[in-house]
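Trainee: Based on what follows, work out the 3D shape:
(one chain, ligands or ions: 2)
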Amino acid sequence: MRTSIATVCLSGSLEDKMTAAAAAGFDGIEVFEPDLVASDLSPEEVRSRAGRLGLTLDLYQPFRDFEGVTDDLLAANLRRAEARFAVMQRLGVDTVLVCSNVGTATVDSDDVSAHQLRRLGDLAAAYDVRIAFEALAWGRFVDDYRRAARIVALADHPAVGTCLDSFHILSRGHDPAGIEEIPAEKIFFVQLADAPRLAMDVLSWSRHHRLFPGEGDFDLTGFVAHLLRAGYAGPLSLEVFNDTFRQTDTARTAAHAFRSLVWLQDQAARRLDAGPLTRIAEAAPPVGVDFVEVKAEDTGEVEATLDQLGLTFRGQHRTKPVRLWSGGPARMVLNEQHAREVEPVVAGLGLVVPDAAATERRAHDLGVQPVHRRSQVDEARLAGFLAPDGLEVYLVDAPGPDAEPTWVEEFEHGLPRDTADSFTGVDHVNLVHSWAEHDEAVLFWTAAAGFDAPAATQVASPQGLVRSQVVRTPDGRVRLPLNVAPAVSRDYPEHVALHCTDIWAVASRAAGRGMAFLPVPDNYYDDLAARFGLDPGLLDRLRSAQLLYDRDGAGEFLHFYTRRVGRVFFEVVQRLDGYDGYGADNAPVRLASQARVDRVERTARESAAGPAAGARGRPRT
Ligand SMILES: O=C(O)c1ccc(O)c(O)c1
Ligand SMILES: [Mg+2]
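Mentor: Ligands and ions are numbered 1, 2, ... in the order given. Okay, the predicted model is just below:
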């Protein structure tokens, strides 16, 4: 279907927004009146610029507070409208959004509102303009799309139809199935927005917290399915009021927005099994983590930590300054290539997928930037893509059960794989995003990479509450907790958690090898006793081994953390009896302890390391 985006979604000038929308792939835009009013461009210039960019101008909006008024006010409102219609004629836009009256309505009558919209329709027709009447969720009398559609039916005027906005309908919990009762020719326009479920007044929710489809809690796929069953064939347009998206790079946000519409059409097409919707390549979710790559100018300190944790050095790459360590099927790649002045960062993630070519095609269809690992002719070619935060995600076809991937053979002069160690794999990789990247990252991991996004949580840190959104494959074999870094912190660390079957042994070996555990305060163990009523013997063992503990309905969780090296640290975990969480209640203790250690170590590190490189060692775009 045709795609469109309201200029209010994007940052910058009207020109910036138009250029970015066209470059991202949108067919058209909704011109938000304040964007035009604030622009240097005349309506004629906007029109010709749109033509050059190949964009249609699909809607002019909003016209406010029209219906349900006294006769005096009606006359004034018609005059106001006529001035707008004249501007629309200069712009060449044929549809105006009229949102339901929130301020001046005093007459609560469908008949009166219908009569007044009919008057507006007569005036509009003289300018070749159509009226798309939208029920705002906080309208004075009209706050339900079904009532707006009833009024439109009563108005019974060819220039008067309705605009359906998913936010106003779904935020109020109104059943969208009623869309199918509206005659298709009366649905003049459709606006799409997702949102997180929030308990707050609906106006503030709408003006600040809308999200692109796929990033919130609304069922946009079902919404689009109703539209198509109703016979709607106009554009699908994004109207997302969001303070973050109004502050992020215009071109990047437009591309991010377009991805959400491509994904949504594909989802709806799958549900309907037909329709005029864009389809994209199908790809099954990842089935495992093949490797995690840490990049640094000098990986020595990270490797010392891996050694203390009990991983095995597997060798040096034949041709590159890259080294491999493994613990069971958990593989860590330590990369010093092109890493001048880079402190250790999580730079890459290898995902085992059932069909790498299919996942590559799907990512391509969603406009994700590809990456390829340059390799020698006889080396495995790794293909993949860039996550929004710059993480390189590589795709590896699933090897046979228990087999190591063939690329492992490129590493030489190391020790053989230790088949007796207790590591069973990478449990999770905790990635950290800036506030500006977070929603884009959620859409990226779910839409392009096949992850699910269960309900988000918040974790208390010394800098306040941190948003935490886990994305995980449906079977839980790959888990990525995504945290938003506090705004004040530019070098917030990320971590790799390794799962093992005997954490007591791993911890005691690490202690024996001199590993500096992240210290756990005594108060934590007192609190643990109070919270869980643990057996005193177990409590003592936890305290002396500096292990953290958690329990859920299914089982128990034991874990510990290393100190950070650059922007990386490690966690070792053991899940017992199907424990499914991440020790979230322990995160505040971990974050506070890290802050204490950081304070002590920062001075030393800063004087030794010189200027810090950007995130993941590359400049951000
Ligand atoms: O928040 C508003 O006022 C507003 C304006 C126009 C719209 O289409 C809308 O959905 C909301
Ligand atoms: Mg709207």
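Trainee: Tell me the predicted confidence for the residue in the chain that ligand 2 sits nearest to.
Mentor: In the chain, no residue comes nearer to ligand 2 than Asp165, which is 3.5 Å away by C-beta to the ion. C-betas here are computed from N, CA, C, even on glycine. Asp165 carries a pLDDT value of 98.
Trainee: Tell me how many other residues crowd the closest residue to ligand 1 within the stretch 51-200 of the chain.
Mentor: Using C-beta to the nearest ligand atom, the closest approach of the stretch 51-200 of the chain to ligand 1 is made by Pro62 at 3.8 Å. Around Pro62 there are 21 other residues, counting by other C-beta atoms under 10 Å.
Trainee: Surely it and Asp35 touch.
Mentor: No: when contacts are counted by C-beta atoms under 8 Å, Pro62 is not listed as touching Asp35 (11.9 Å).
Trainee: so what are the domain limits for the chain?
Mentor: If you go by automatic domain parsing, the domain ranges for the chain are 3-272, 288-602.
Trainee: Quick check: which of these is buried the most?
Mentor: domain 3-272 (a mean of 20; mean count of other C-beta atoms under 10 Å).
Trainee: Check the gap between Ala487 and Gln247 for me.
Mentor: As judged by C-beta to C-beta, to the nearest Å, Ala487 and Gln247 stand 12 Å apart.
Trainee: before we move on, what about Asn335?
Mentor: Distance from Asn335 to Gln247, by C-beta to C-beta: 33 Å.
Trainee: All the strands of the stretch 201-350 of the chain, residue numbers only.
Mentor: Taking DSSP state E, counting those that start in this stretch as the criterion, the stretch 201-350 of the chain carries its strands at 236-238, 288-295, 312-317, 322-327, 330-335, 345-353.
Trainee: Below-threshold pLDDT in the stretch 51-200 of the chain: ranges please.
Mentor: Counting by pLDDT under 70, the stretch 51-200 of the chain contains no low-confidence residues.
Trainee: Show me where it has its helices.
Mentor: Taking DSSP state H, counting those that start in this stretch to define them, one finds helices in the stretch 51-200 of the chain at 71-91, 110-126, 145-155, 166-171.
Trainee: bridging residues for the residue of the chain closest to ligand 2?
Mentor: Bridge pairing for Asp165 (DSSP bridges) gives the partners Gln191.
Trainee: got the residues of the chain near ligand 1?
Mentor: Gln61, Pro62, Leu97, Cys99, Glu134, Leu136, Asp165, Gln191, Ser206, Arg207, Glu239 (C-beta under 6 Å from any ligand atom).
Trainee: Looking at the residues you listed, which one is closest to Ala608?
Mentor: Nearest to Ala608 among the residues of the chain next to ligand 1: Arg207, at 47.7 Å, using C-beta to C-beta.
Trainee: Check whether the closest one really touches Phe241, as I assumed.
Mentor: Yes: Arg207 is within contact range of Phe241, at 4.9 Å (criterion: C-beta under 8 Å).
Trainee: Wait, Ala6 touches Tyr60, no?
Mentor: No: with contact defined as C-beta under 8 Å, Ala6 does not reach Tyr60; the gap is 10.7 Å.
Trainee: what sits in contact with each of the two?
Mentor: Common neighbours of Ala6 and Tyr60, counting by C-beta atoms under 8 Å, 6 or more residues apart in numbering, are Glu30.
Trainee: Mind picking the two most distant members of the residues of the chain next to ligand 1?
Mentor: Leu97 and Arg207 (15.8 Å).
Trainee: Who are the contact partners of Glu494?
Mentor: Val345, Val346, Val429, Asn430, Leu431, Val432, Arg567, Val568.
Trainee: any chance of those residues in CSV, with secondary structure too?
Mentor: Formatted as CSV, the contacts of Glu494 follow (DSSP: H, G, I helix; E, B strand; the rest coil):
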residue, secondary structure
Val345, strand
Val346, strand
Val429, strand
Asn430, strand
Leu431, strand
Val432, strand
Arg567, coil
Val568, strand
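Trainee: CSV please, covering these and showing distance to ligand 2.
Mentor: Converted to CSV, these look like this (distance: C-beta to the ion, whole Å):
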residue, distance to ligand 2
Val345, 41
Val346, 40
Val429, 38
Asn430, 37
Leu431, 33
Val432, 34
Arg567, 41
Val568, 44
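Trainee: So for Ala420, what's the pLDDT?
Mentor: Confidence at Ala420, expressed as pLDDT, is 80.
Trainee: tell me the contacts of it?
Mentor: Listed by C-beta under 8 Å, 6+ apart, Ala420 has no contact partners.
Trainee: Double-check that it belongs to a strand.
Mentor: No: applying three-state DSSP, one finds Ala420 to be coil, outside a strand.
Trainee: quick one, phi psi at it?
Mentor: Here is the backbone geometry of Ala420 (degrees, to the nearest 10): phi -100, psi -10.
Trainee: Please report how far it lies from ligand 1.
Mentor: Note on Ala420: its distance to ligand 1, by C-beta to the nearest ligand atom, to the nearest Å, is 62 Å.
Trainee: where's that residue relative to Gly328, distance?
Mentor: According to C-beta to C-beta, Ala420 and Gly328 sit 9 Å apart.
Trainee: do the same with Val600
Mentor: For Val600, the distance to Gly328 - C-beta to C-beta - is 34 Å.
Trainee: OK, contacts around the residue positioned nearest the centre of the chain?
Mentor: The centre of the chain sits closest to Val442, judged by C-alpha atoms, centre = their mean, with a distance of 2.4 Å. Val442 makes contact with Gly214, Glu215, Ala453, Gln469, Val471, Leu482, according to C-beta under 8 Å, 6+ apart.
Trainee: possible to save those residues as CSV with pLDDT?
Mentor: As requested, the contacts of Val442 are exported to CSV (pLDDT from 0 to 100):
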residue, pLDDT
Gly214, 96
Glu215, 95
Ala453, 93
Gln469, 94
Val471, 97
Leu482, 96
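Trainee: quick check, nearest of the residues you listed to ligand 1?
Mentor: When those are ranked by distance to ligand 1 (C-beta to the nearest ligand atom), Glu215 comes first, at 17.3 Å.
Trainee: The closest one is in contact with Leu443, isn't it?
Mentor: Yes: counting by C-beta under 8 Å, Glu215 touches Leu443, with 5.2 Å between them.
Trainee: Next, work out how far apart Trp504 and Leu538 are.
Mentor: Distance from Trp504 to Leu538, by C-beta to C-beta: 11 Å.
Trainee: if I pick the residue nearest to Thr312 when sequence neighbours are not counted, what's in contact with it?
Mentor: In space, and not counting its chain neighbours, Thr312 is closest to Asp418: 4.6 Å by C-beta to C-beta, 6 or more residues apart in numbering. Each residue near Asp418 by C-beta under 8 Å, 6+ apart is listed here: Thr312, Ser326, Gly327, Gly328.
Trainee: Need phi/psi at Thr319.
Mentor: Dihedral angles of Thr319 (phi, psi; degrees, to the nearest 10) stand at phi -130, psi -10.
Trainee: pLDDT wise, what is it at?
Mentor: pLDDT, Thr319: 92.
Trainee: All the strands of the stretch 351-500 of the chain, in order from the start?
Mentor: Secondary structure of the stretch 351-500 of the chain by DSSP E, counting those that start in this stretch: the strands cover 370-373, 382-386, 392-397, 411-413, 423-433, 457-461, 464-472, 479-484, 494-500.
Trainee: of all these, which lies closest to Asp355?
Mentor: Nearest of the strands of the stretch 351-500 of the chain (C-beta to C-beta): strand 392-397, 7.0 Å.
Trainee: for that closest one, packing partners?
Mentor: In this structure, strand 392-397 packs against strand 288-295, strand 345-353, helix 356-365, strand 370-373, strand 382-386, with contacts taken as 3 or more C-beta pairs under 8 Å, 6 or more residues apart in numbering; DSSP states H and E.
Trainee: switch the cut-off to 7 Å
Mentor: On a contact count with 3 or more C-beta pairs under 7 Å, 6 or more residues apart in numbering; DSSP states H and E, strand 392-397 meets strand 345-353, helix 356-365, strand 382-386.
Trainee: tilt between the last one and strand 392-397?
Mentor: Looking back up the chat, that one is strand 382-386. 140 degrees (axes from the mean of the first three to the mean of the last three C-alpha atoms, to 10 degrees).
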